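[1] 3D, please:
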Amino acid sequence: MDFDLTVFLRDRSCIWHLPGPIDWRNLERTPMAQQQRSFHTLDGIRGVAALLVACFHLEIFLAPVGGSGALFPEGYLAVDLFFVLSGFVLEHAYADRLRAGLRARAFMTARIIRLYPLYLLGVAIGLASAIVAYRLGGGSVDGQGLVLTTLAALLLLPSPTAGQNAAIFILNAPGWSLFFELLVNLAFVLAWRRLSTRLLLAIVVVSGIALAMATFQAGHIHLGPTWPDFLGGVPRVAYSFFIGVLIRRLYQAEAAPASGARQVVAWGLAGLLPLILLLPPSPALRPWFDLACVLVAFPILIALGARYEPGAAGVAIFRFLGLVSYPVYAIHFPLMELLRRGLSLLRIDIQQFAVPLELGCIAALVAAGWLLFRMYDLPARAAAAQSMRRRQPA
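    As a prediction, the model looks like this:
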């Protein structure tokens, strides 16, 4: 899943989408940053998807404490949309520079630096929460398991504690998707020169069939976050990512001028995702519903979102949603763990306040996401760029 859909922003966040080979000394002055098109509607869709994932997890956390109902029971599907977006955006941002000779090492370095700072902050919050739980006699792993899962998390690797906790990323659960994202990014960059349209179609078809088989076996498509369904995460990520690459390969037309009707379509596309995920399919229909969304609906949504753009006001809103989406996604789970444990510890009955609490948490996450983007994520990536400049020979 790429979380920087406005590929060439006016601020310093654009530094990881510049032409290669990467000149770290002049990275922020590369003129290509002003020549690439931004996809504002996709930014808006990305922001909405991040909020839906946060709502999905928040409702799970609040349900045993405050009885909050599941407003978005299929919220986990928004992660699959991230993977489609990632394939589309990385093909858009890097095709020319990969063709010009950008090396896999530089590409993967850029991807890791783009994802790691906010993920690491989430791990730190999750570790603090886990230590508190452990000292109070709770927690899902013992002391040795906590050390092992912390070391693995720092390396962005799955936790080797399957015997105690089935989650592959205990301290920051969304790390599972980042782990698979980097794996598919590596496959993408290593295979890019041989990645013809015909081969892309073959990958999409094969991974789609494998994903359908795994989905029917599990009864849902929520595969990858835990050890029992770990292998199912491979076709889940492969299908969505590479169909995103394929959509970008086939996409040629520039967005038409944002007329009134087209602006309405752009807003409609951004609002369509929560409407889809509001639907609560029965257990028998869930695998069919999940597959219909992932295999068909989401690729169409991204293909249309690339063609329609909002007006000036919509651009500002969608851009904001895009900027806060990754911070929200990267930190929401460990923060919610702290909230859940705090409510349990204080024995607070929130039965009558679950909905206001959920709305307040989402608003707080959006505000925190914006502050983290400006005050932590950008400086952290700028520091990484400076470090790379120092390492590059004069």
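[2] who's in contact with stretch 294-306?
    For stretch 294-306, the external contacting residues (Cβ atoms under 8 Å, 6 or more residues apart in numbering) are 39, 41-42, 45, 77, 80-81, 84-85, 88, 208, 211-212, 221, 236, 239-240, 243-244, 247-248, 251, 255, 265-266, 269-270, 272-273, 276. For glycine as for every other residue, the C-beta is placed from the backbone atoms N, C-alpha and C.
[3] One more: stretch 149-166?
    So stretch 149-166 is contacted by 112, 116, 119-120, 123, 126-127, 140-142, 145, 148, 167-172, 175-176, 178-179, 182, 226-228, 230 (Cβ under 8 Å, 6+ apart).
[4] do stretch 177-192 as well
    Contacts for stretch 177-192 (Cβ under 8 Å, 6+ apart): 1-2, 79, 82-83, 86-87, 90, 94, 98, 104, 107-108, 111-112, 115, 119, 156-158, 168-169, 195, 199, 224-225, 233-234, 236-238, 241-242, 245.
[5] try stretch 361-374
    Residues outside stretch 361-374 that contact it (Cβ under 8 Å, 6+ apart) are 13, 51, 54-55, 58, 118, 121, 320, 323-328, 331-332, 335-336, 339.
[6] same thing with stretch 199-210?
    A191, V234, P235, A238, Y239, F242, I243, V245, L246, R249, L295.
[7] So which of the contacts of stretch 149-166 belong to strands?
    When DSSP state E is applied, those are split such that none fall in strands.
[8] Whichever of the residues you listed end up buried, select them in ChimeraX.
    The buried residues among these can be selected in ChimeraX (16 or more other Cβ atoms under 10 Å) with this line:
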select :112,116,119,120,123,126,127,140,141,145,148,167,168,169,170,171,172,175,176,178,179,182,226,227,230
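[9] so where's this protein uncertain?
    For the chain, the stretches flagged by pLDDT under 70 are 1-36, 63-70, 252-259, 349-353, 392-394.
[10] quick check: longest helix of it.
    Secondary structure of the chain per DSSP state H: the longest helix is helix 312-346.
[11] In the helix or strand that that one is followed by, which residues are buried?
    Remark: after helix 312-346, the chain's next helix or strand is helix 354-372, criterion DSSP states H and E. Within helix 354-372, the residues scored as buried using 16+ other Cβ under 10 Å are A354, L357, E358, C361, I362, L365, V366, A368, G369, L372.
[12] Distance to D290 added to those, as CSV?
    Converted to CSV, the buried residues of helix 354-372 look like this (distance: Cβ to Cβ, whole Å):
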residue, distance to D290
A354, 26
L357, 29
E358, 24
C361, 26
I362, 24
L365, 25
V366, 27
A368, 30
G369, 27
L372, 31
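[13] which one of those sits closest to A316?
    Nearest to A316 among these is V366, at 14.8 Å by Cβ to Cβ.
[14] ok, now how distant is the closest residue to L345 other than its chain neighbours from P281?
    Nearest residue to L345, sequence neighbours excluded (Cβ to Cβ, 6 or more residues apart in numbering): L136, at 7.1 Å. With distances taken as Cβ to Cβ, to the nearest Å, L136 is found 38 Å from P281.
[15] If you count surrounding residues, which of these two has more?
    P281 (15 against 11; other Cβ atoms under 10 Å).
[16] and the closest residue to that one other than its chain neighbours, what does it touch?
    Nearest-residue entry for P281: F289, 4.0 Å, with adjacent residues in sequence omitted and distances by Cβ to Cβ, 6+ apart. With contacts defined as Cβ under 8 Å, 6+ apart, F289 is in contact with E74, L279, P281.
[17] How much space separates F289 from F179?
    26 Å.
[18] what are the phi and psi values for T161?
    With angles defined as degrees, to the nearest 10, T161 sits at phi -130, psi 40.
[19] Tell me, how many residues neighbour it?
    Neighbours of T161 (other Cβ under 10 Å): 22.
[20] Check the one 5 residues further on too.
    Under the neighbour criterion other Cβ under 10 Å, A166 is assigned a count of 16.
[21] For it, what are phi and psi?
    Torsion angles, degrees, to the nearest 10, at A166: phi -70, psi -20.
[22] Tell me how far it lies from D142.
    Plainly put, A166 is 15 Å away from D142 if you go by Cβ to Cβ.
[23] in stretch 179-194, what's buried?
    F179, F180, E181, L182, V184, N185, A187, F188, V189, W192.
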